[in-house]
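Enquirer: sequence? don't have it. structure:
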């Protein structure tokens, strides 16, 4: 027997049990070559009789719903706060970059003016004129 066939047979058996079609479930279990599955069919039948569907109380469902909504909102607020902090960091970084770029531009301009002044001789100091000194004898 193939694994796919076994899983299909077990699935049909469980569906028949869940739908309340006991005769169909017994027919599936009694088919030819199903002796090796007898233990599984027996266990499925016992589980069906032992486990009854349970529905939660309305109060529990309401509390769970409120708690999930609160936690979801708290999660969204935390994410929004992180995004705000990230954008603030980007803004501060951009401001620092702009100021440093401005300062570097001023320094570069000052340096260029110094080079131009040097080339044109504007920074040339006047030659020292030696005053005649009295000769001592």
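Expert: Here it is on my side, so go on. Note that the coordinates shown come from a computational prediction; the quantities given were computed from them, not determined experimentally.

Enquirer: Find the residue at the geometric middle of this structure.
Expert: residue 79 (9.8 Å; Cα atoms, centre = their mean).

Enquirer: Look up how far residue 44 lies from that one.
Expert: 45 Å (Cβ to Cβ, to the nearest Å). Yep, even glycine has a C-beta here, placed from its N, CA and C like the rest.

Enquirer: still on that earlier bit, the residue nearest to the centre of the chain sits in which helix or strand?
Expert: helix 58-120 (DSSP states H and E).

Enquirer: pLDDT weak spots in the protein?
Expert: Applying pLDDT under 70 to the chain flags the ranges 1-4, 22-35, 122-132, 137.

Enquirer: If we use 50, what do you get?
Expert: 1-2, 4 (pLDDT under 50).

Enquirer: residues near residue 41, how many?
Expert: 20 (other Cβ atoms under 10 Å).

Enquirer: now do residue 17
Expert: Counted with other Cβ under 10 Å, residue 17 comes out at 21.

Enquirer: my read: it touches residue 48, true?
Expert: Yes: with contact defined as Cβ atoms under 8 Å, residue 17 reaches residue 48; the gap is 4.6 Å.

Enquirer: Which residues are in contact with each of these two?
Expert: Shared contacts of residue 17 and residue 48, defined by Cβ atoms under 8 Å, 6 or more residues apart in numbering, are absent.

Enquirer: one step back: return the distance of the residue nearest to the centre of the chain relative to residue 48.
Expert: 45 Å.
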